[in-house]
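*Asks:* Need coordinates for the following:
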Amino acid sequence: MESKSVGNKSGFNSQDGLSSAAWDDLVNGSAELASKNAARTYMNKFKGDTAAHIIYSKLLEHGVEVVNGYSGGAILPLLDQFHNSHPRHGENKRIRWITNSNESSAGHVAEGIAKSSTEADGRLAAGIVVATSGPGATNLVTPVVDAMCDGVPLIVLCGQAATTAPVDAFQSCPAVEIMEPCTKWSYQIKNAAEVPFVMDYAFYVARNGRPGPVFIDLPKDLQIQQLTDEVIENFLDGLGTYTQDETYNRSHDKEFIRLIPDTTAIHLGRVEEGLSFVVDKEGELKHVESGHDAYHLDHHSTNTIYGGVEYEKIYDEDDDRRMGKLGASDGLMAEMIERIKTAKRPFIIAGQGTNDASKELMTFAESLQIPVATTLHGLGAFDERHHLATNMLGMHGHATPNYLIQECDLLVCIGSRFDDRITGRVSDFIPAARQASKEGRGGVIHVDVRFSENAKQIKPDYFVHSSGKKFLQAVNDAIRMNPPKDASRTKAWIERKLELEKEYPIKITKYNPQKFMIEDENGNTQEVTRTKMNCQSVIHEMNRQLLESGKIDDSIFTTGVGIHQMAAAQLITWTQPRQMLSSGSLGTMGVSLGYCMGAKLANPTKICISVDGDGSFNMTFTELKTIGEEKIPVKLLILDNESQMMVEYWQRLFHDERYIAVRNKSPKYCTLAEAFGIKSIYCESMEELPEKMRSFLEDYDDEPVLFHVRIERTPCLPMVAPGQPLDNMILVDEDFEVDKSAAPS
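*Replies:* Next up, the predicted model:
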């Protein structure tokens with residue numbers, strides 16, 4: 001594989017934070033000896049412990065409080081560490097263990113923990129899953145891919161048949177090879193000595209750059225291997241070397257730890273997909289910047305502004321490459337700021353990368369009066385109660401941001417990768433901004449922590465290789481020091497926003513009341529009025545009550561995938577970052593229950609509400625067992641139309657109403673809840689909804705509750721016609737001609 005880089009590949013700060021012993025070795029002329037002695041000091045902290053013991057210790061060290069999983073023979077040594085009576089604990093802190101109904105659900109719970117948790121460093125916490133070998137590992141492929149697609153830090157620890165087991169031993173499988181394409185790093189440990197390095201590296205890779213999953217394979221015999229002086233010395237004697245010799249590197253690519261010649265740093269990971277670390281004065285592993293190859297650039301933001309080039313040229317090292325430092329007072333920074341200050345129709349896309357910068361985003365938008373749209377994973381990063389909020393854009397977004405983005409002269413995209421669901425047909429995306437760019441004004445500013453996203457979908461005029469927070473801080477400082485001369489330049493633009501909002505609100509289908517004769521329990525008949533409901537009307541009522549009660553800021557919502565997901569995104573008033581937990585890129589049905597459990601475990605004081613459809617809920621409702629056993633006080637809203645309505649609508653549009661595999665025969669969900677000891681509520685009319693919704697939201701603070709609502713089948717509109725520009729939307733539910741070759745996926 002060809003190595004891609006920008007600028008100098010070396011640059012080790014090998015003296016940074018070295019222990020005194022390592023520094024003495026370096027002064028005496030032996031970088032290799034310094035590296036080995038530092039590594040020895042690092043490993044000695046765990047001498048006498050088994051690999052399983054070290055793994056648990058590292059989980060504690062990294063602040064893990066809850067671990068989900070499922071048992072099995074190959075993982076028993078590690079599983080034993082979690083038992084409350086294990087002698088290792090004494091009076092020490094213990095990690096809460098939760099047994100799920102299956103490994104896949106355990107993965108989704110761990111995702112929910114990660115998606116809704118923020119550590120002191122501002123990054124998401126890593127969710128942890130423990131499972132056995134073979135089917136235990138393969139059952140985790142879906143949550144692992146889901147985490148990879150949506151940038152969720154996940155560490156999966158799976159057992160494996162012993163290294164001495166015969167080929168094709170019971171419950172053995174090539175788990176590392178299966179997980180390699182869908183993780184940031186997949187590795188099988190070779191001995192107990194490398195386990196401390198493996199665990200620290202796993203947490204670093206999972207949580208830094210764009211977060212994602214890491215898979216660690218744990219042969220059963222190595223889990224019980226003890227870290228002794230002999231194991232440590234054999235490990236140090238066998239360390240390879242990180243070189244520039246590609247032939248040597250290819251033949252040693254499976255090595256995990258390598259010494260780096262003439263430095264005290266060590267290289268962890270694969271040759272071209274690894275990072276460099278030193279052991280600091282406290283005996284802790286510390287990352288050091290050691291290169292500008294593609295992998296390093298995706299894990300270490302350089303806070304650099306790059307002039308626009310085609311994607312094929314982003315790694316070119318031309319002398320005339322336009323570059324500048326974020327926060328500088330001149331150069332590309334000054335040029336970029338001037339375009340922001342003079343734009344008359346600026347527009348902001350706030351993606352997942354703004355979730356840790358909501359205050360800075362608000363300052364930026366308010367100071368320049370710029371409308372803000374959010375992506376699915378950015379919902380809540382900008383408070384939708386604010387007059388500059390245009391809400392979610394994209395395929396099922398609000399009409400207003402979809403129209404505005406096509407008319408803007410400057411697009412500032414922060415922490416979003418221009419996913420196809422928000423661009424529509426790429427060739428017709430942002431025509432006015434493209435024209436402004438040609439005229440030397442406006443254009444596109446793209447901010448992303450991954451250098452590899454530069455011009456990948458949309459060629460920007462300025463690519464800022466930085467976090468959303470650092471970009472916004474730098475821009476806000478520059479605007480504060482030198483505000484725009486024309487403070488009213490966006491006035492007409494804001495008026496255009498208000499016009500669109502008035503003309504194209506989200507419409508909710510309403511039904512005429514119907515009268516029925518019913519018989520009560522005493523045999524008496526009476527006439528009652530009943531009005532049907534749909535997905536949108538139920539979510540609208542829930543949102544209304546949470547707003548009026550002042551509880552919306554304290555709520556976290558999770559969804560499955562389908563009509564209910566997009567209706568929730570459209571109709572809930574998003575006010576806080578990371579308030580919406582949903583499967584975006586992979587579109588995984590069945591995740592809402594697990595996400596909600598994880599969110600509540602990580603945020604016990606929050607109101608955690610799963611908004612789910614019957615199709616999604618049917619896939620994973622076995623987790624009601626876990627909720628009942630662990631008494632996790634989540635609120636489960638099931639919107640039941642006995643249909644996979646999003647796909648059904650596509651079959652109506654693109655397959656002449658030949659409906660297949662989209663109708664469900666739903667169980668009695670209240671009876672199901674009762675079987676697991678969970679309270680439930682049932683509703684089938686608008687007349688009952690307000691009071692039953694109030695009870696669902698307010699009467700069950702300390703226990704789980706399931707709310708089964710029977711609804712009609714309705715599509716989720718607006719919807720961008722597949723293969724069409726972003727402003728070509730289906731706004732009303734009526735028949736029309738479509739391009740049947742462009743059916744959505």
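*Asks:* contacts, neighbours, all on C-alpha from now
*Replies:* OK.
*Asks:* Wait, residue 508 touches residue 539, no?
*Replies:* No. Using Cα atoms under 8 Å, residue 508 is not in contact with residue 539; the gap is 10.4 Å.
*Asks:* What's opposite residue 683 in the beta bridge?
*Replies:* Assessed by DSSP bridges, residue 683 has beta-bridge partners residue 709.
*Asks:* For stretch 47-58, buried residues please.
*Replies:* 47, 49, 50, 51, 52, 53, 54, 55, 56, 57, 58 (16 or more other Cα atoms under 10 Å).
*Asks:* so the fifth one is in which element?
*Replies:* Under the assignment given by DSSP states H and E, the secondary-structure element containing residue 52 is helix 51-61.
*Asks:* Comparing residue 508 and residue 539, which residue is more hemmed in?
*Replies:* Neighbour count, other Cα atoms under 10 Å: between residue 508 and residue 539, residue 539 has more, with 21 against 15.
*Asks:* just checking, that one touches residue 567?
*Replies:* Yes. Contact criterion Cα under 8 Å: residue 539 and residue 567 qualify, at 7.4 Å.
*Asks:* Show residues contacting stretch 62-77.
*Replies:* 52, 79, 94-103, 106-107, 109-110, 127-133, 136, 158-162, 203, 218-220, 223-224, 601 (Cα atoms under 8 Å, 6 or more residues apart in numbering).
*Asks:* let's go with 6 Å and repeat that
*Replies:* 95-100, 103, 106, 128-133, 159-160, 220 (Cα atoms under 6 Å, 6 or more residues apart in numbering).
*Asks:* same thing with stretch 470-484?
*Replies:* Contacts of stretch 470-484 (Cα under 6 Å, 6+ apart): 327, 341, 360, 364.
*Asks:* Show me where the stretch 101-250 of the chain has its helices.
*Replies:* Shown for the stretch 101-250 of the chain, the helices assigned by DSSP state H, counting those that start in this stretch span residues 103-115, 135-138, 141-150, 175-179, 195-207, 220-223, 229-237, 246-251.
*Asks:* Turn the ones you listed into a markdown table, columns for mean neighbour count and mean pLDDT.
*Replies:* Formatted as a markdown table, the helices of the stretch 101-250 of the chain follow (neighbours: other Cα atoms under 10 Å; pLDDT from 0 to 100):
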| stretch | mean neighbour count | mean pLDDT |
| --- | --- | --- |
| helix 103-115 | 30 | 98 |
| helix 135-138 | 22 | 97 |
| helix 141-150 | 23 | 98 |
| helix 175-179 | 18 | 96 |
| helix 195-207 | 22 | 97 |
| helix 220-223 | 23 | 97 |
| helix 229-237 | 15 | 94 |
| helix 246-251 | 13 | 69 |
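*Asks:* For residue 658, which non-adjacent residue is closest in space?
*Replies:* Nearest in space to residue 658, with sequence neighbours left out and distances taken as Cα to Cα, 6 or more residues apart in numbering, is residue 651 at 6.3 Å.
*Asks:* Name the surrounding residues that touch the helix or strand harbouring the one you found.
*Replies:* In this assignment (DSSP H and E), residue 651 forms part of helix 645-654. With contact meaning Cα under 6 Å, 6+ apart, helix 645-654 is reached by 562, 563, 657, 662, 740.
*Asks:* what about 8 Å?
*Replies:* 562-563, 657-659, 662, 713-716, 735, 738-740, 743-744.
*Asks:* Residue 546: which of those residues is nearest?
*Replies:* Ranked by distance to residue 546 (Cα to Cα), those are led by residue 563 at 21.2 Å.
*Asks:* how deep is residue 485 tucked in, by neighbour count?
*Replies:* Using other Cα under 10 Å, residue 485 has 9 other residues around it.
*Asks:* Regarding it, what is its secondary structure?
*Replies:* Following DSSP: H, G, I helix; E, B strand; the rest coil, residue 485 is assigned to coil.
*Asks:* Could you list the low-pLDDT ranges of this protein?
*Replies:* Segments of the chain classed as low confidence (criterion: pLDDT under 70) are 1-29, 244-245, 248-252, 290-291, 736, 741-745.
*Asks:* Kindly recompute the last result at 50.
*Replies:* For the chain, the stretches flagged by pLDDT under 50 are 1-3, 5-19, 22-23, 25-29.
*Asks:* which of the contacts of stretch 470-484 count as buried?
*Replies:* Buried among those (16+ other Cα under 10 Å): 327, 341, 360, 364.
*Asks:* and of the residues you listed, the nearest to residue 673?
*Replies:* Closest to residue 673, out of all of those and judged by Cα to Cα, is residue 360, at 43.5 Å.
*Asks:* end-to-end on stretch 289-300?
*Replies:* End-to-end distance of stretch 289-300 (Cα to Cα, to the nearest Å): 8 Å.
*Asks:* again, but for stretch 527-537
*Replies:* 24 Å.
*Asks:* Identify the residue spatially nearest to residue 102, adjacent ones excluded.
*Replies:* Spatial nearest neighbour of residue 102, excluding adjacent residues (Cα to Cα, 6+ apart): residue 70 at 6.6 Å.
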